[in-house]
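Undergrad: coords below, sequence missing:
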């Protein structure tokens, strides 16, 4: 009976050991599966982080390009405005020169008229004097 009990205990212990080993093996396999899934998730997280970084860098580059485009557009607009203003100033300068030329011509004409008026006046004075002298003679 004691031997039977000892054999039964050994058998039970062996079965318990076998069950424990099998459970440990299954746990080990499950741990490996979890580790594999964790590694895949971490790899996916890294890929997402890289993608986020690329998106952020693209956004920064796009913003810089937009600001540069705005600056170039502003510079171009300023240059165009300056060119238009310079052209308008040149046209105004030409018009002022034309007005100055016309004014000089009018002043010259006025001087000629004044000279003519003076000649006419002198001629009238001479004619009056001659008329008076003729009357006197």
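TA: That came through fine. In this text the structure is predicted, and so the values were computed from the model without any measurement.
Undergrad: how much space separates residue 55 from residue 62?
TA: 10 Å (Cβ to Cβ, to the nearest Å). Bear in mind the C-beta positions are built from the backbone N, C-alpha and C, glycine included.
Undergrad: again, but for residue 91
TA: Distance from residue 91 to residue 62, by Cβ to Cβ: 42 Å.
Undergrad: can you show me the helices along this structure?
TA: Using DSSP state H, the helices found in the chain span residues 2-136.
Undergrad: what stretches of the chain score poorly on pLDDT?
TA: In the prediction, the chain carries no residues with pLDDT under 70.
Undergrad: against residue 59, how distant is the spatially most central residue of the chain?
TA: For the chain, the residue sitting closest to the mean C-alpha position, by Cα atoms, centre = their mean, is residue 70 at 1.8 Å. Taking Cβ to Cβ as the measure, residue 70 falls 16 Å from residue 59.
Undergrad: how many other residues sit next to residue 25?
TA: When counting by other Cβ atoms under 10 Å, one arrives at 10 neighbours for residue 25.
Undergrad: nope, residue 4 is what I was after
TA: What residue 4 shows, counting by other Cβ under 10 Å, is a neighbour count of 8.
Undergrad: for residue 19, see how far away it is.
TA: Distance, residue 4 to residue 19, by Cβ to Cβ: 22 Å.
Undergrad: how about residue 47?
TA: For residue 47 relative to residue 19 (Cβ to Cβ), the value is 42 Å.
Undergrad: also residue 11?
TA: Residue 11 is 12 Å from residue 19, by Cβ to Cβ.
Undergrad: ok, residue 59 next?
TA: Taken as Cβ to Cβ, the span from residue 59 to residue 19 is 59 Å.
Undergrad: same check, this time on residue 37
TA: Relative to residue 19, and taking Cβ to Cβ, residue 37 is found at 27 Å.
Undergrad: with residue 97 instead?
TA: Residue 97 is 115 Å from residue 19, where distance means Cβ to Cβ.
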